[in-house]
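[1] show me how the following folds:
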Amino acid sequence: MRRLKLFAALALVAAAGACAPHPIVARDPVPAPSPDEAYDCRTTPFLLNAYRTGCEQRLRERRTVLQSKG
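    This is a model prediction of the structure:
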(Lines give C-alpha, C1' and ligand atoms only; values in the text may rest on other atoms or scores of the structure.)
Protein backbone atom coordinates (compact mmCIF):
# COMPACT_ATOMS: atom_id res chain seq x y z
CA MET A 1 0.00 0.00 0.00
CA ARG A 2 2.86 2.35 0.83
CA ARG A 3 4.49 1.76 -2.57
CA LEU A 4 1.20 2.43 -4.33
CA LYS A 5 0.84 5.80 -2.58
CA LEU A 6 4.45 6.69 -3.39
CA PHE A 7 3.98 5.74 -7.05
CA ALA A 8 0.74 7.76 -7.26
CA ALA A 9 2.41 10.80 -5.65
CA LEU A 10 5.38 10.64 -8.04
CA ALA A 11 3.06 10.27 -11.04
CA LEU A 12 1.01 13.27 -9.89
CA VAL A 13 4.12 15.45 -9.46
CA ALA A 14 5.48 14.41 -12.86
CA ALA A 15 2.16 15.18 -14.56
CA ALA A 16 1.86 18.57 -12.88
CA GLY A 17 5.41 19.57 -13.85
CA ALA A 18 5.04 18.50 -17.47
CA CYS A 19 2.14 20.86 -18.14
CA ALA A 20 3.47 24.17 -16.82
CA PRO A 21 1.15 27.00 -17.93
CA HIS A 22 4.00 29.49 -18.43
CA PRO A 23 7.36 27.86 -19.16
CA ILE A 24 10.40 29.84 -18.08
CA VAL A 25 12.59 30.95 -20.97
CA ALA A 26 15.91 32.59 -20.11
CA ARG A 27 16.74 35.57 -22.31
CA ASP A 28 19.44 38.18 -22.00
CA PRO A 29 17.71 41.58 -21.71
CA VAL A 30 20.76 43.43 -23.04
CA PRO A 31 21.79 42.63 -26.63
CA ALA A 32 25.43 41.83 -27.33
CA PRO A 33 27.57 44.78 -28.43
CA SER A 34 28.66 45.09 -32.03
CA PRO A 35 32.23 44.17 -33.00
CA ASP A 36 33.03 47.87 -33.49
CA GLU A 37 32.34 48.75 -29.84
CA ALA A 38 34.95 48.49 -27.11
CA TYR A 39 35.27 49.65 -23.52
CA ASP A 40 38.15 51.09 -21.51
CA CYS A 41 37.65 50.07 -17.88
CA ARG A 42 39.63 50.91 -14.78
CA THR A 43 39.39 49.74 -11.19
CA THR A 44 40.72 51.58 -8.17
CA PRO A 45 40.68 50.49 -4.52
CA PHE A 46 38.15 52.22 -2.29
CA LEU A 47 37.41 52.02 1.44
CA LEU A 48 38.16 48.68 3.13
CA ASN A 49 37.55 45.88 0.62
CA ALA A 50 35.50 47.91 -1.85
CA TYR A 51 36.54 48.89 -5.37
CA ARG A 52 35.44 51.67 -7.65
CA THR A 53 35.11 50.87 -11.34
CA GLY A 54 34.50 53.05 -14.34
CA CYS A 55 34.10 52.16 -17.99
CA GLU A 56 34.10 54.43 -21.00
CA GLN A 57 32.87 53.40 -24.39
CA ARG A 58 35.16 53.87 -27.37
CA LEU A 59 35.09 52.85 -31.01
CA ARG A 60 37.43 50.06 -32.01
CA GLU A 61 39.70 50.67 -34.97
CA ARG A 62 39.04 48.49 -37.96
CA ARG A 63 41.63 45.83 -38.62
CA THR A 64 43.48 45.90 -41.91
CA VAL A 65 43.60 42.54 -43.64
CA LEU A 66 46.42 41.96 -46.06
CA GLN A 67 46.12 39.18 -48.59
CA SER A 68 48.76 37.98 -50.97
CA LYS A 69 48.91 35.33 -53.64
CA GLY A 70 51.84 33.10 -53.95
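
[2] now do the helices in the protein.
    With helices called from DSSP state H, the chain shows them at 2-18.

[3] shaky segments in the protein?
    Scanning the chain for pLDDT under 70 picks out the ranges 1, 4, 12-23, 28, 70.

[4] what about the strands in this protein?
    37-45, 51-59 (DSSP state E).

[5] for these, could you give me CSV that also reports mean neighbour count and distance to Leu10?
    For glycine as for every other residue, the C-beta is placed from the backbone atoms N, C-alpha and C. Shown next, in CSV, are those (neighbours: other C-beta atoms under 10 Å; distance: least, C-beta to C-beta, whole Å):
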stretch, mean neighbour count, distance to Leu10
strand 37-45, 10, 50
strand 51-59, 9, 49
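
[6] make a markdown table from those strands and add distance to Leu6 to it.
    Output for the strands of the chain, formatted as a markdown table (distance: least, C-beta to C-beta, whole Å):
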| stretch | distance to Leu6 |
| --- | --- |
| strand 37-45 | 55 |
| strand 51-59 | 52 |
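
[7] do you know which of those strands lies nearest Ala9?
    Closest of the strands of the chain to Ala9 is strand 51-59, at 50.2 Å (criterion: C-beta to C-beta).

[8] between the closest one and strand 37-45, how big is the angle?
    Using axes from the mean of the first three to the mean of the last three C-alpha atoms, to 10 degrees, the inter-axis angle of strand 51-59 relative to strand 37-45 is 160 degrees.

[9] what's the spacing between strand 51-59 and its chain's center?
    Once both centres are worked out by C-alpha atoms, centre = their mean, to the nearest Å, strand 51-59 turns out to sit 20 Å from its chain's centre.

[10] which secondary structure elements does it contact?
    The contact analysis (3 or more C-beta pairs under 8 Å, 6 or more residues apart in numbering; DSSP states H and E) places strand 51-59 against strand 37-45.

[11] for the strand it packs on, which helices and strands make contact with it?
    Judged by 3+ C-beta pairs under 8 Å, 6+ apart, strand 37-45 is in contact with strand 51-59.
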